[in-house]
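In: Predicted structure and sequence below. I'll ask about it afterward.
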Amino acid sequence: QVQLVESGGKLVQAGGSLRLSCTATASGRTFSTYSRAWFRQAPGKEREFVSAISWSGSNTYYADFVKGRFTISRDSAKTTVFLQMNSLKPEDTAVYYCAAQQYGGATSAPTDYSYWGQGTQVTVSS
């Protein structure tokens with residue numbers, strides 16, 4: 001069973017930065033063949049795509065509203081994926097979820113991902 005655990009969410013002031021982490025674990029598996037993504041969900045809103053990285057690492061994809069502010073990356077073991085968030089705005093307040101899919105691309109549809117974490121809360125104060 002693949003498990004994804006997010007961390008790093010907290011309360012931050014507008015204009016500040018945060019780095020979220022998502023660590024994948026599963027008995028007997030490696031994650032070098034998994035695409036990874038970040039989504040978010042604000043209260044009363046649907047879950048929306050934030051960023052993704054393909055399983056090969058050669059492609060990344062960002063939602064328009066985070067381009068130039070957020071960066072997705074992963075560690076050399078391809079176990080942990082990061083979301084560096086800069087110039088945060090109050091509208092970035094949401095629960096951030098990471099997702100994974102074996103041999104996936106850097107895609108934006110939630111249905112493209114089989115595995116999900118429980119989420120980490122990011123709150124940006126004005």
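Out: Nice, I can see it. Small disclaimer: the values here were computed from a predicted structure and weren't measured.

In: now the strands: where do they sit in this protein?
Out: Using DSSP state E, the strands of the chain run over residues 3-7, 11-13, 18-25, 34-41, 48-53, 60-62, 70-74, 80-85, 94-102, 115-116, 120-125.

In: Between the ones you listed, which one is closest to residue 109.
Out: Residue 109 sits nearest to strand 48-53 of all the strands of the chain, at 7.6 Å, using CB to CB. Backbone N, C-alpha and C define where each C-beta goes, glycine included.

In: follow-up on the earlier one: of the strands of the chain, which approaches residue 108 most closely?
Out: Ranking the strands of the chain by their distance to residue 108 (criterion: CB to CB) puts strand 48-53 first, at 3.9 Å.

In: coming back round to it: looking at the strands of the chain, which is buried most?
Out: strand 34-41 (a mean of 25; mean count of other CB atoms under 10 Å).

In: Not counting sequence-adjacent ones, nearest residue to the residue most central in space within the chain?
Out: Central residue of the chain (CA atoms, centre = their mean): residue 38, 2.4 Å from the mean position. Spatial nearest neighbour of residue 38, chain neighbours left out: residue 50 (4.2 Å); criterion: CB to CB, 6 or more residues apart in numbering.

In: Go ahead and confirm that neighbour touches residue 40.
Out: Yes: with contact defined as CB atoms under 8 Å, residue 50 reaches residue 40; the gap is 5.4 Å.

In: what do those two both touch?
Out: Here residue 50 and residue 40 have residue 96 as joint contacts, going by CB atoms under 8 Å, 6 or more residues apart in numbering.

In: if I look at residue 105, how far off is residue 122?
Out: Computed as CB to CB, to the nearest Å, the residue 105 to residue 122 distance reads 26 Å.

In: ok, residue 51 - contacts?
Out: Here residue 51 is in contact with 37, 38, 60, 61, 62, 63, 66, 70, 71, 72, 83 (CB under 8 Å, 6+ apart).

In: For residue 126, see how far away the closest residue to it other than its chain neighbours is.
Out: Distance criterion CB to CB, 6+ apart; nearest residue to residue 51, sequence neighbours excluded, is residue 72 at 4.3 Å. For residue 72, the distance to residue 126 equals 26 Å [CB to CB].
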